[in-house]
Each structure stands twice: as structure tokens, then as C-alpha cells.
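Engineer: Kindly return the folded structure for what I paste below:
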Amino acid sequence: MTTSTDTIDLAVIGGTGLYALADLENPEAHQPPTPYGALSGPVRVGTFAGRRVAFLARHGEGHSVPPHKINYRANLAAFKALGATRVLALNTVGGITERFGPRVLACPDQLIDYTWGRISTLCEEPGTEVLHVDFGEPYTRSLRAAVVAAAARGGVPLVDGGCYGATQGPRLETRAEIARMRRDGCDLVGMTGMPEAGLARELGLDYACLAIVANWAAGAGPDPDEVITLQDVLDNVAAASAGLPALLRALLDG
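Structural biologist: Presented below is the predicted three-dimensional model:
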């Protein structure tokens, strides 16, 4: 795989409801070959706040790739091939505990992996080096700190910390599953946090999650009987993402 000599100041992965990066100027589409196959879609590389930024829609730009079918290895390897060293993952999630209601932005510091059957390592193929990366702190501390500081400078409300629980999807969870996750210590629930974070660590990429709370998880929140609709999710994502450009500008300026 050929590695670019150009520097990408920040690579951003968009989740459900985030299929393009607003204010990304003069974007060019790249789909570099990777040892792991095809990406979810093109990596759009352009200028944002005077800096070189890459964006990839995790589910594809038409939301056609379900969570368990995403080629996480190829997506991250493509970022690295294009010269990225820092990845900010935008994850649309449900809120479990009180601080993490709809339209909240959060930068979690821990996660629990409930997924199964996904290719979760670069060591999958016979003959590849076996990697035992330290994963006690699953998000890069320095990048997390930079995101939290950028939110403060940009005037964007952000919850610092929390535990992200990654489930298999694409269905939403049962009330009993969410109750178990609450007992386990999860504050947020999503479907794409793993194996992405672990693969980023194996690839040597700095990685942090910006969780966008779209709804209360099943049985959580003030109305445990609330029915989650796609329109509610999209509306909440749009509202929670309103401060994203200001946060990204502050992060790139920092």
C-alpha cells in the first residue's frame, strides 16, 4: 500500500445522519487500495478552516452499509495511506444514563464491546504479525483532551467522559439489554465503536470518539415507553451537530 507524503491534519468519520462534512472546501475523492478490500465509500479530502481534512461516511454516503458489514480495517487503512495520523470518529448513539440525553455531545473515555463475528484485528490473515496492543485506555488521551479543550474554546457544550457500549445491530436493543448495559457501567450505546477503536490502536492512529446522542435507549429516559422513530433520530442528530463546525475549527486551531 502506497503511503501519501501529504499531511492530513484531521480525519473525520461520519456516522448515521452525517454523510458529508459541512464547510469542507474543494473536496477531492480518494479511494486508495488497501490490503483489506474496499472502503465504505470515497474519502473526501479538502480544506476546512485552512487545514487539510479528510472525511469518510462510515455507512457509505447513501447509508447502505450496516454496522456489522462495515470494512473498518479498510476505512482506517485508507486514512493512514492518505497521510492521516489523527482520527475523530463521529458516532450516533443512544443515551442510557442521565447526563446523556438526546442532542447531547459527549467525548467518552471508556468502552465495552458487545459485538460478535466482526473482523476485529489486523492479525486475521495467516502469517501476519500478532499484535497485543495496550487497550486499557481505548481512546487516545491527548486527542480526547484536545477535543474537550476545543469544545470549551468554541463554546460547544460537551460532556467529558462516559462509557460507550458497542452492540451488534443493526436492530436497536431490548430494554433488558439496555438494563444490563447500565449495570455494566455503560452511559451510551452505539453499533460502530468497535472494532474501529481497536483497529485504530493497532494501526498507530490517534483516535477519539465524539458521540452524538440521537435518542434515549430502550427503557431509559423520562418516558420508558417512548417509541424511537428515524425522523426523531435525524432531527436530534442535526440539532446536536450544529456546534460541530465550531468545535472542529477550534480543534484544528489548537
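Engineer: Quick check: T47 is in a strand.
Structural biologist: Yes - the assignment for T47 by DSSP: H, G, I helix; E, B strand; the rest coil puts it in a strand.
Engineer: Quote the end-to-end distance of stretch 115-130.
Structural biologist: 21 Å (Cα to Cα, to the nearest Å).
Engineer: Repeat that for stretch 169-178.
Structural biologist: 13 Å.
Engineer: Stretch 6-13 too?
Structural biologist: With Cα to Cα as the measure, what separates the two termini of stretch 6-13 is 19 Å.
Engineer: In that stretch, which residues are buried?
Structural biologist: 8-13 (16 or more other Cβ atoms under 10 Å). Every C-beta, even on glycine, is put in place using the N, C-alpha and C of the backbone.
Engineer: Run through who's touching that stretch.
Structural biologist: Stretch 6-13 is contacted by residues 21, 43, 45, 48, 51-58, 75, 79, 82-90, 196, 248, 251-252 when judged by Cβ atoms under 8 Å, 6 or more residues apart in numbering.
Engineer: The residues you listed in strands, which ones?
Structural biologist: Using DSSP state E, the members of the contacts of stretch 6-13 that fall in strands are 43, 45, 48, 51-57, 86-90.
Engineer: related to what we said a few turns ago, what's the farthest-apart pair in the buried residues of stretch 6-13?
Structural biologist: D9 and I13 (15.1 Å; Cβ to Cβ).
Engineer: Wait, A149 touches D253, no?
Structural biologist: No - assessed by Cβ atoms under 8 Å, A149 is found out of contact with D253, at 10.8 Å.
Engineer: where do the contact lists of the two overlap?
Structural biologist: In contact with both A149 and D253: no residue, using Cβ under 8 Å, 6+ apart.
Engineer: Tell me which of those two has more neighbours.
Structural biologist: Between A149 and D253, A149 has the larger neighbour count (other Cβ atoms under 10 Å), namely 15 against 12.
Engineer: contacting residues around that one?
Structural biologist: 250, 254.
Engineer: Would you mind giving me the confidence score for it?
Structural biologist: Here, the pLDDT recorded for A149 equals 98.
Engineer: so it, which of the three states?
Structural biologist: Strictly by three-state DSSP, A149 counts as helix.
Engineer: low-confidence ranges in the chain?
Structural biologist: 1-5 (pLDDT under 70).
Engineer: and the residue most central in space within it, bridged to which residues?
Structural biologist: Taking Cα atoms, centre = their mean, the centroid of the chain lies closest to A89, which sits 2.8 Å from it. Taking DSSP bridges, one obtains I13, C209 as the residues bridged to A89.
Engineer: where's it relative to T97, distance?
Structural biologist: Using Cβ to Cβ, to the nearest Å, A89 is found at 21 Å from T97.
Engineer: List the contacts of G37.
Structural biologist: Contacts of G37 (Cβ under 8 Å, 6+ apart): 71, 74.
Engineer: Relative to D235, how far out is L203?
Structural biologist: 35 Å.
Engineer: more crowded one of those two?
Structural biologist: A direct count of neighbours by other Cβ under 10 Å for L203 and D235 places L203 higher, at 19 against 16.
Engineer: Is the more buried one in contact with K80, as I believe?
Structural biologist: Yes - if you go by Cβ under 8 Å, L203 and K80 touch, sitting 5.6 Å apart.
Engineer: so where do the helices sit in the chain?
Structural biologist: Counting by DSSP state H, the chain has these helices, from start to end: 72-81, 141-154, 175-184, 196-203, 230-240, 244-253.
Engineer: for the fifth one, which positions count as buried?
Structural biologist: Read that as helix 230-240. Buried, per 16+ other Cβ under 10 Å, within helix 230-240: 233, 235-237, 240.
Engineer: Nearest to Q168 among those residues?
Structural biologist: Nearest to Q168 among these: V233, at 18.3 Å, using Cβ to Cβ.
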